[in-house]
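> Have a look at this prediction, sequence included:
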Amino acid sequence: MEKYEVLERLQPGALGTVLVAGLKAERSVKERFVIKQVECIDENQANEALKEAMGLLKLHHSNICVYKELFVTWDNEISSLFLCLVMQHSGQVDLSSLIKTKRQKPEKIADMVVLKFLGQMVDALFYIHKQNIFHRNLKPSNILVTGEASFKLYDFSTETLMTDEWKWKIRVEENCKCWMAPEAFSFSFSDKSDIWSLGCILLDMMTCFVLNAEEITLLLQDIRRDSSHLERVLPLMQNGDSSLPLFPILSMMLQIQPSMRPTSKDLIDVPFIGECLIVAGSSLIKHRNSLPSCVIDMFLRGGIGSILEFMQAFWDVEEAQIRTMQHLTRLVGDKKALPCLLAFTESIAFAMKSHIDSFKLQVEGCRLLLEILSQEVAAENLRKAGLIADLLSILQNFTHNEQICHSSCAVLWSLAVSENNVDQVMLQSAVPIIIAVIQEHLQNGAVLKSACSALWALSLQGFLTESDYEPTTALLMDALRMNLEKPMLVNNTCLALASLLRLSEIAAFRFITDSKGNGINLIKDAYHFYCDDPQVVESICVLINEMVQYDDIMLEMVSQQMEELLSEIKSRFPSSMEIMTLVDTALLKLQE
């Protein structure tokens, strides 16, 4: 004890005193330790207890408090010998404090906290039991709570000290004994006695909102005498509206006969405990690529913050990602939720990248991103997440799929249309992929609408090369011929063609010499379909304005009496400033 400076004396425990201490030689360092001092009858008992406790030094587990050192010391003031167990201390509260707080409100402990607790504790008990180490004094005050839902076993006891009958009779109060297994009262401890104690703690957690401290103590005493008293708990648990199937687990753990109780290894094979281990991130579950539906449901009932944590924690579980995306899509319509959803863009992009072979996930991801992309900041987040490269890879993998092509092209359009785009190389490589999508879906209006929009945005940003102009013009003309009855497709295709004609004389030449039909006749057909639709007519006028920039096309337009068509448009839409300006400009060129 000489090297430690006692900073605080905590409330004495049943079997010893607890000190908070620091190292005298390192007073500037804020590292603190908890020293558990257990008084021993004589030197033989102290040495035996020390020998038994040495195994604690080799424990290294995320849910077990680390032991720094063990030693025996003599206290001259009271002439007593003590076994000292030095543990890490980081100021955490213990589980009994959490339960007490919930009991006072009263408030139910969240299902997810219970799931994590049970998973972490079974994992930790399996770890110590396979090394033939038992806790022997498992109770809420000997479990530390760190963070929101992380638990650590603390304050282990040795067989020598736990079988000191005199100390138990004199010092240990009944409320401390209520966590003990029936056989422990005969000083028989095993891995099964730890399982009983864990069951008692779990029962306390599940009933703290309906039973006070005295009532749970009496209930645990009754169960220890007759396990049928556990049935009194069932209606209490149902009052808490819990969907967790905990009653069968409690029934297994709280069997009076140790032989009837499961070991920690047995518990791992119980499906529900397996779910708890998955939630706890336990390495005992080798393949973490699935989650039970009830667990996913539980996560999705939480707030936006917890859903984001869930999505990030279970990135490798395809079904979890799909269900989360479906849930978030339903929230997009909520104006209050939309700003929060922007935080999900990188996680959505990462999920799509991680599950690039999942058709369903790509569909849900693209659909959700399309909803969120109404805000420029979302587009910026997606560019930072490198989504463009992933979308192109998705399109290449699913070129034949209508849903994915439709959604992916729409997302690409949203990303490409931004003035702040930095993915120059990636967007340039998108052109042949979008062209391949158009070729594949020439008769699918929905896909063509979004693909032509994406191609239009790419052309506006200057991502098409000279070799792209002629084949792309021919392809867009084919799309227009085959889908004249689809207004938005006609609208977007005319705008894309206008961009191409603005960029290249090659595109303009192909427009009037295409072997399948002159582009001027195609425009006339489109106009006659939508002569009363101002949006489509305006797009047609945008294309006409690009056509009149070329002398060869202008001569062809004059020969085909395009002036009459423009005059008709002018008479139909006298109140549209945009259309009137476009028509006047085109007529002026034709009349030169």
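Arrived safely.
> From now on I want contacts and neighbour counts done on CA atoms only, so please keep to that.
Noted.
> residue ranges for the helices of the stretch 201-350 of the chain, please.
213-225, 233-239, 246-253, 264-268, 271-279, 293-300, 304-313, 318-331, 338-341, 345-354 (DSSP state H, counting those that start in this stretch).
> Return the distance of residue 56 relative to residue 46.
16 Å (C-alpha to C-alpha, to the nearest Å).
> now swap in residue 128 and tell me
From residue 128 to residue 46 the distance is 23 Å (C-alpha to C-alpha).
> quick one, which of the two is more surrounded?
A count of neighbours by other C-alpha atoms under 10 Å puts residue 46 above the other of residue 128 and residue 46, at 23 against 20.
> Look up the pLDDT of the nearest residue to the more buried one once chain neighbours are set aside for me, please.
Spatially, and ignoring its direct neighbours in sequence, residue 46 is nearest to residue 40 (5.5 Å; C-alpha to C-alpha, 6 or more residues apart in numbering). Residue 40 carries a pLDDT value of 88.
> what do you get for residue 563?
Residue 563 is given a pLDDT of 91.
> since we're on it, how many residues are nearby?
Neighbour number of residue 563 under other C-alpha under 10 Å is 18.
> for it, helix, strand, or coil?
helix (DSSP: H, G, I helix; E, B strand; the rest coil).
> do residue 83 as well
Classified using three-state DSSP, residue 83 is strand.
> Remind me which helix or strand the residue lying closest to it once chain neighbours are set aside belongs to.
Ranked by C-alpha to C-alpha, 6+ apart and with sequence neighbours excluded, the top spatial neighbour of residue 83 is residue 72, at 4.5 Å. Using DSSP states H and E, residue 72 sits in strand 67-75.
> Need the mean per-residue confidence for that strand.
88.
> what helices or strands is it leaning on?
Contact analysis of strand 67-75 by 3 or more C-alpha pairs under 8 Å, 6 or more residues apart in numbering; DSSP states H and E lists helix 43-53, strand 80-89 as its packing neighbours.
> most tightly surrounded among these?
strand 80-89 (a mean of 21; mean count of other C-alpha atoms under 10 Å).
> got a list of contacts for that one?
20, 31-43, 46, 49-50, 65-75 (C-alpha atoms under 8 Å, 6 or more residues apart in numbering).
> Next: stretch 199-208.
99-100, 102-103, 106-109, 114, 118, 139-140, 179, 216, 220, 233, 236-237, 250, 253-254.
> quick revisit: gap between the strand holding residue 72 and the chain center?
Taking C-alpha atoms, centre = their mean, to the nearest Å, one finds strand 67-75 lying 45 Å from the centre of the chain it belongs to.
> orientation of it relative to helix 43-53 in degrees?
180 degrees (axes from the mean of the first three to the mean of the last three C-alpha atoms, to 10 degrees).
> Each with direction, which strands does strand 67-75 pair with?
strand 80-89 (antiparallel) (DSSP bridges).
> Remind me what the longest helix seen in the chain packs against, helices and strands.
With secondary structure taken from DSSP state H, the chain has its longest helix at helix 111-129. The contact analysis (3+ C-alpha pairs under 8 Å, 6+ apart) places helix 111-129 against strand 150-153, helix 191-207, helix 264-268, helix 271-279, helix 293-300.
> rerun that using 6 Å as the cut-off
helix 271-279 (3 or more C-alpha pairs under 6 Å, 6 or more residues apart in numbering; DSSP states H and E).
> Which strands and helices lie in contact with the helix it packs on?
helix 111-129.
> Alpha carbons of stretch 80-89, in CSV - could you do that?
Provided in CSV are the C-alpha atoms of stretch 80-89 (Å, rounded to 0.1, in the frame of the first residue of the first chain):
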residue,chain,number,x,y,z
SER,A,80,-5.1,-6.9,10.8
LEU,A,81,-4.0,-8.6,7.6
PHE,A,82,-5.7,-7.6,4.3
LEU,A,83,-5.8,-9.0,0.8
CYS,A,84,-5.8,-6.0,-1.5
LEU,A,85,-7.1,-6.2,-5.1
VAL,A,86,-6.3,-3.2,-7.2
MET,A,87,-8.5,-2.4,-10.2
GLN,A,88,-8.8,0.3,-12.8
HIS,A,89,-11.2,3.2,-11.8
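> coming back round to it: count of neighbours near the residue nearest to residue 83?
For residue 72, using other C-alpha under 10 Å, the count is 19.
> The chain should start at 40 in everything you say after this.
Yes, from this point I'll number from 40; that puts the last item at residue 111.
> OK, contacts around it?
With contacts defined as C-alpha atoms under 6 Å, 6 or more residues apart in numbering, residue 111 is in contact with 121-123.
> Would you show me how to pick out the buried ones of the contacts of stretch 238-247 in ChimeraX?
To isolate the buried members of the contacts of stretch 238-247 in ChimeraX, using 16 or more other C-alpha atoms under 10 Å:
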select :138,139,141,142,147,148,153,157,178,179,218,255,259,276,289,292,293
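> which residues touch stretch 57-75?
With C-alpha under 6 Å, 6+ apart, stretch 57-75 has contacts from 42-49, 56, 123-128.
> for the protein, what helix or strand is lowest in average pLDDT?
helix 415-423 (a mean of 56; mean pLDDT, DSSP states H and E).
> Which residues does stretch 178-193 contact?
With C-alpha under 6 Å, 6+ apart, stretch 178-193 has contacts from 102-104, 131-135, 152, 194.
> Can you flag which of those residues belong to strands?
132-133 (DSSP state E).
> Max pairwise distance over the contacts of stretch 178-193: which two?
152 and 194 (22.0 Å; C-alpha to C-alpha).
> Looking at those two, which has the bigger crowd around it?
When neighbours are counted by other C-alpha under 10 Å, residue 152 and residue 194 differ, and residue 194 comes out ahead with 22 against 17.
> Please, a ChimeraX command that selects the buried ones among the contacts of strand 119-128?
Applying 16+ other C-alpha under 10 Å to the contacts of strand 119-128 leaves a buried subset, and the ChimeraX line that selects it is:
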select :59,71,72,73,74,75,76,77,78,79,85,88,89,104,105,106,109,110,111,112
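> Number of residues surrounding residue 620?
12.
> now the one 10 residues further on
As a burial measure, residue 630 scores 9 neighbours (other C-alpha under 10 Å).
> can you pull the pLDDT of residue 475?
pLDDT, residue 475: 89.
> What's the separation between it and residue 505?
17 Å.
> picking up where we left off before, most widely separated two among the contacts of stretch 57-75?
Most distant of the contacts of stretch 57-75, by C-alpha to C-alpha, are 42 and 49, 19.4 Å apart.
> The residue lying closest to residue 329 once chain neighbours are set aside and residue 332: what is the separation?
Spatial nearest neighbour of residue 329, excluding adjacent residues (C-alpha to C-alpha, 6+ apart): residue 356 at 5.3 Å. As for residue 356, its distance to residue 332 is 12 Å (criterion: C-alpha to C-alpha).
> neighbour-wise, which of these two wins?
The residue with more neighbours, out of residue 356 and residue 332, is residue 356; 17 against 11, by other C-alpha under 10 Å.
> Would you mind listing where the stretch 290-439 of the chain has pLDDT under the threshold?
For the stretch 290-439 of the chain, the stretches flagged by pLDDT under 70 are 325-328, 372, 374, 376-378, 412-426.
> go with 50
Per-residue confidence for the stretch 290-439 of the chain (pLDDT under 50) gives these ranges: 327.
> In three-state terms, how would the closest residue to residue 605 other than its chain neighbours be classified?
Excluding the flanking residues, the one nearest residue 605 by C-alpha to C-alpha, 6+ apart is residue 622, at 6.1 Å. Secondary structure, three-state DSSP: residue 622 is helix.
> Residue 622: neighbouring residues, count only.
By other C-alpha under 10 Å, neighbour count at residue 622 equals 24.
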